[in-house]
Each structure stands twice: as structure tokens, then as C-alpha cells.
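K.L.:
Mind folding the following:
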Amino acid sequence: MDYRITNNKAEMDVDAIHHYLSRSYWAENVPKKVVAKAIENSLCFGVLLTEASGKEQQVGFARLITDSATFAYLADVYILEAHRGQGLSKRMMTKVVEHPQLQGLRRIMLATRDAHGLYEQFGFTPLTDQSMFMQLWTPEVYR
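P.N.:
Numbers count the residues shown, from 1 in each chain. Purely as a prediction, here's the structure:
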């Protein structure tokens, strides 16, 4: 299979991304217009599969919210289940951490329930002092 990774927002399939995210544990029921706005205002990476017909299918995604100077937050990372086990998440994360817009940042953060092993391979570690971080949490916002 022929996969490629792009950060061209015009190539992101908002329908496919919304379909996945709206069923994920972290963004369940997220409205499509929220996903579209998030993509518009973020640095995005898509994993695309070129099918035999030449048509491309979005099979993975990641986005970063960043000021491109000091901070970024990595969110909405996924690879469709049927395409896992082929190193695609590692290929995508390599593109993420090597992207010129993310060089020299003081901190890149993320939250994950189940992918610690992936992110550790790229230098991510648990927070050293959780007491200094706070949040305004509205888990029911999409219901």
C-alpha cells in the first residue's frame, strides 16, 4: 500500500476526520463544524492512502495547536484500526517533531489514555510537576 503524509490542510478530509473523532473517547459527539474550525486553526498532518484507482483515503491524522514560538499542544492523533501495525503512527510523529514550525519550542504537550509507548519514543515524558498545571474542563460540551 502506498501511504504519504501531508501537512497541506487542503488535502485533509474533514468528513473522514470528523467520522473518526466523533466516535473517539476524547472527542465523542464533536460537531463537524467544530472539527472543521479546529483544522482551520491548527497545524495538521494527514496520513493518506493512495488506492489503486488513484483516489486518496485519509487513514490517519494529528493536529497541533501552537503559537509557533514557545508552545504546542498535540491533539486528535489517530490511525484507522485497519491500517495500524505498519509504523504509520511513527512515520507521522517523525514528521510532527521534525516540522520546521515546531523547532525551538519550549514545550509540546499532549494527553493520552493509551499511547504512552508511542510518544515516549519521541521524547515525551509524564509531567514533572503536575501541581503547576491547571485546566478548565467541560467534558459534556459536545452533548
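
K.L.:
Could you tell me which helix of the protein is the longest one?
P.N.:
With secondary structure taken from DSSP state H, the chain has its longest helix at helix 88-98.

K.L.:
Just give the strands next to the helix or strand just after it in its sheet, each with its orientation.
P.N.:
For helix 88-98, the following helix or strand on the C-terminal side (DSSP states H and E) is strand 107-110. When pairs are called by DSSP bridges, strand 107-110 turns out to pair with strand 71-79 (parallel).

K.L.:
okay, the angle between the strand it pairs with and helix 88-98?
P.N.:
Interaxial angle of strand 71-79 relative to helix 88-98 (axes from the mean of the first three to the mean of the last three C-alpha atoms, to 10 degrees): 160 degrees.

K.L.:
List the buried residues of strand 71-79.
P.N.:
When neighbours are counted by 16 or more other C-beta atoms under 10 Å, the buried residues of strand 71-79 are found to be 72, 74-79. In short, each C-beta sits where N, CA and C put it, glycine included.

K.L.:
Looking at the protein, which strand is longest?
P.N.:
strand 56-66 (DSSP state E).

K.L.:
mean confidence for that one?
P.N.:
Average pLDDT, strand 56-66: 97.

K.L.:
what do you get for stretch 29-43?
P.N.:
Averaging pLDDT along stretch 29-43 gives 98.

K.L.:
Just the CA trace of that stretch, in PDB.
P.N.:
C-alpha atoms of stretch 29-43 as PDB (Å, rounded to 0.1, in the frame of the first residue of the first chain):
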ATOM      1  CA  ASN A  29     -20.000  13.700  19.600                       C
ATOM      2  CA  VAL A  30     -17.900  16.600  18.500                       C
ATOM      3  CA  PRO A  31     -19.800  18.600  15.800                       C
ATOM      4  CA  LYS A  32     -18.400  18.600  12.300                       C
ATOM      5  CA  LYS A  33     -18.200  22.400  12.200                       C
ATOM      6  CA  VAL A  34     -16.000  22.300  15.400                       C
ATOM      7  CA  VAL A  35     -13.700  19.800  13.700                       C
ATOM      8  CA  ALA A  36     -13.500  22.000  10.600                       C
ATOM      9  CA  LYS A  37     -12.700  25.100  12.700                       C
ATOM     10  CA  ALA A  38     -10.100  23.200  14.600                       C
ATOM     11  CA  ILE A  39      -8.400  22.000  11.400                       C
ATOM     12  CA  GLU A  40      -8.500  25.600  10.000                       C
ATOM     13  CA  ASN A  41      -6.800  27.000  13.100                       C
ATOM     14  CA  SER A  42      -4.100  24.200  13.600                       C
ATOM     15  CA  LEU A  43      -1.000  22.700  12.100                       C
END
